[in-house]
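In: Sequence and predicted structure below; questions after.
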Amino acid sequence: MNAGITRLGWVLIAVLLGAGCASQPPTNIMSGPSQVELRSYQTRAFDTTDRTMMLRSVIATLQDLGFVIDKADEDLGAITGTKLKGYKIRMTIVVRPRGETQLLVRANAHYNLEPIEEPRPYQDFFTALGKGVFLTAQNVD
Amino acid sequence: MKRKAIVAAGALFCVAAVTLGGCASVPEDAFKLAPTSLQERRIQSRHYATADDAMLLRAGASVLQDLGYAIDESNTELGVLSASKRIDAKDLGQIATALIVSALTGSPTPIDTEQTVRVCLVMNRSLADPAASVARITIQREIVNDRGQVSRAEPIVETEIYQAFFAKLSKATFLEANEI
């Protein structure tokens, strides 16, 4: 009887391990969480049209936060950086025009192997970026 | 028998904690400017009395090549240069300790074998003086052990390493590096 319970325990352990967040079906390559909500966390608008200045500010902010820049593409307006501090965060920021007077900045990041889907890290990033460009990061719909 | 069940329950709890811990959220301070960030910026930056940041970037590339780094990314318009090198991470002290621990416990202890060092150099025109440029480097490393696992992933914070880089950059440009 007790041996049965112990065996059941081990089976449960195996199931838990197997169902852990590490194992992801290959379908995740082309799918993700609710796009609309996530995009609103990850995006801010700034009242400037100076794209190069914004890209340079993004680079400076990433350096301030301890990132090393992996890629910088001015034509595409994309910057990618990695932070190592006992963990690994990889972040990409894309800057593109929004109307005649604004720039849209979108960030997305991975913490180790997991995509960051909570709002707080993005809020913190945009607060740091806003300080660097002396502009207020505005929420977009 | 009851004890066995308790042990099993304990093990189950530990596994659940570890499994869920794998999904742990991002550290609170990961995207916050640290109180020390200004101090770090000072250590990592130098002023050069030239507006020619492209020349500084080229000099930076040659210094990094002298040091054995391979250029991974460069963008002159944005003033970015990233380079890396893979070097030996074996440490005699660590190997000796691992051998002793292995002998005592009977199970092999992993030892660090290789590290990848990544350097990122960014040039900016100085905000205070348009005729001057500011060079900033950030360095980090990832150490892998003989089992292929990452044993350490960390920023390099030692002031002397940054000083040594800027001394070489000054030599390459014949310009004096001034602290910001």
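Out: Cool, got the structure.
In: who touches the strand or helix carrying residue B:96?
Out: According to DSSP states H and E, residue B:96 maps onto helix B:92-105. Applying Cβ atoms under 8 Å, 6 or more residues apart in numbering or on different chains, the contact partners of helix B:92-105 are B:108, B:109, B:110, B:111, B:112. The C-beta positions use only the backbone N, C-alpha and C, and glycine is treated the same way.
In: where does residue B:108 land in three-state SS?
Out: Following DSSP: H, G, I helix; E, B strand; the rest coil, residue B:108 is assigned to coil.
In: still on that earlier bit, mind putting the contacts of helix B:92-105 in CSV, neighbour count included?
Out: What follows is the contacts of helix B:92-105, written out as CSV (neighbours: other Cβ atoms under 10 Å in any protein chain shown):
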residue, neighbour count
B:108, 12
B:109, 17
B:110, 15
B:111, 19
B:112, 18
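In: Between the residues you listed, which sits nearest chain A?
Out: Sorting those by how near they are to chain A, with Cβ to the nearest Cβ, puts residue B:112 at the top with 15.0 Å.
In: count of residues packed around the closest residue to that closest one other than its chain neighbours?
Out: Computed as Cβ to Cβ, 6 or more residues apart in numbering or on different chains, the closest residue to residue B:112 that is not its neighbour in sequence is residue B:89, at 4.4 Å. By other Cβ atoms under 10 Å in any protein chain shown, 20 other residues sit near residue B:89.
In: do residue A:94 as well
Out: Residue A:94 has 19 neighbouring residues, counting by other Cβ under 10 Å.
In: the strands in chain B, which residues?
Out: B:45-48, B:70-75, B:80-88, B:112-125, B:133-145, B:150-155 (DSSP state E).
In: So which of the ones you listed is nearest residue A:56?
Out: strand B:112-125 (6.3 Å; Cβ to Cβ).
In: Tell me the strands beside that closest one, with direction?
Out: Using DSSP bridges, the strands paired with strand B:112-125 are strand B:80-88 (antiparallel), strand B:133-145 (antiparallel).
In: by how many degrees do that strand and strand B:70-75 diverge?
Out: 30 degrees (axes from the mean of the first three to the mean of the last three Cα atoms, to 10 degrees).
In: Could you report the neighbour count for residue A:114?
Out: Neighbour count of residue A:114, defined by other Cβ under 10 Å: 16.
In: How about residue A:30?
Out: Count around residue A:30 with other Cβ under 10 Å applied: 6.
In: Can you name the residues bridging to the residue most central in space within chain B?
Out: Geometric centre of chain B, nearest residue: residue B:140, 0.7 Å, by Cα atoms, centre = their mean. Beta-bridge pairing of residue B:140 under DSSP bridges involves residue B:118, residue B:155.
In: In contact with it, which residues are there?
Out: By Cβ under 8 Å, 6+ apart, residue B:140 lies in contact with A:66, A:68, A:82, A:83, A:84, B:117, B:118, B:153, B:154, B:155, B:156.
In: could these go into a markdown table alongside neighbour count, pLDDT and distance to residue A:43?
Out: Listed next are those as a markdown table, based on neighbours: other Cβ atoms under 10 Å in any protein chain shown; pLDDT from 0 to 100; distance: Cβ to Cβ, whole Å:
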| residue | neighbour count | pLDDT | distance to residue A:43 |
| --- | --- | --- | --- |
| A:66 | 23 | 93 | 23 |
| A:68 | 22 | 96 | 24 |
| A:82 | 21 | 96 | 22 |
| A:83 | 22 | 96 | 21 |
| A:84 | 22 | 95 | 26 |
| B:117 | 20 | 95 | 34 |
| B:118 | 21 | 96 | 28 |
| B:153 | 19 | 93 | 29 |
| B:154 | 13 | 94 | 31 |
| B:155 | 15 | 94 | 28 |
| B:156 | 16 | 93 | 33 |
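In: In contact with the residue nearest to residue B:112, which residues?
Out: B:112, B:113, B:114, B:115, B:143, B:144.
In: try 7 Å this time
Out: The neighbourhood of residue B:89, defined by Cβ atoms under 7 Å, 6 or more residues apart in numbering or on different chains, consists of B:112, B:113, B:114, B:115, B:143.
In: Among the residues you listed, which one lies nearest to chain A?
Out: Among these, residue B:143 lies closest to chain A (Cβ to the nearest Cβ), at 10.1 Å.
In: In three-state terms, label residue A:97 for me.
Out: Secondary structure for residue A:97, judged by three-state DSSP, is strand.
In: is it true that it touches residue A:103?
Out: Yes: counting by Cβ atoms under 7 Å, residue A:97 touches residue A:103, with 6.1 Å between them.
In: Mutual contacts of these two, please.
Out: Residues touching both residue A:97 and residue A:103 (Cβ under 7 Å, 6+ apart): residue A:49.
In: just to revisit the earlier point, is it possible to get CSV of the contacts of helix B:92-105 that adds pLDDT?
Out: Conversion of the contacts of helix B:92-105 to CSV gives the following (pLDDT from 0 to 100):
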residue, pLDDT
B:108, 83
B:109, 84
B:110, 86
B:111, 87
B:112, 90
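In: hey, C-alpha coordinates of stretch B:44-61 in CSV?
Out: C-alpha atoms of stretch B:44-61 as CSV (Å, rounded to 0.1, in the frame of the first residue of the first chain):
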residue,chain,number,x,y,z
GLN,B,44,33.6,53.0,-18.2
SER,B,45,33.9,56.4,-20.0
ARG,B,46,36.6,58.8,-21.2
HIS,B,47,36.5,62.2,-22.9
TYR,B,48,38.7,62.7,-26.0
ALA,B,49,39.3,66.2,-27.4
THR,B,50,38.3,65.3,-31.0
ALA,B,51,35.0,65.5,-32.8
ASP,B,52,36.1,62.7,-35.1
ASP,B,53,34.3,59.8,-33.5
ALA,B,54,34.8,57.6,-36.6
MET,B,55,38.6,57.9,-36.1
LEU,B,56,38.2,56.9,-32.4
LEU,B,57,36.0,53.9,-33.4
ARG,B,58,38.7,52.8,-35.9
ALA,B,59,41.4,53.1,-33.2
GLY,B,60,39.2,51.2,-30.8
ALA,B,61,38.8,48.4,-33.4
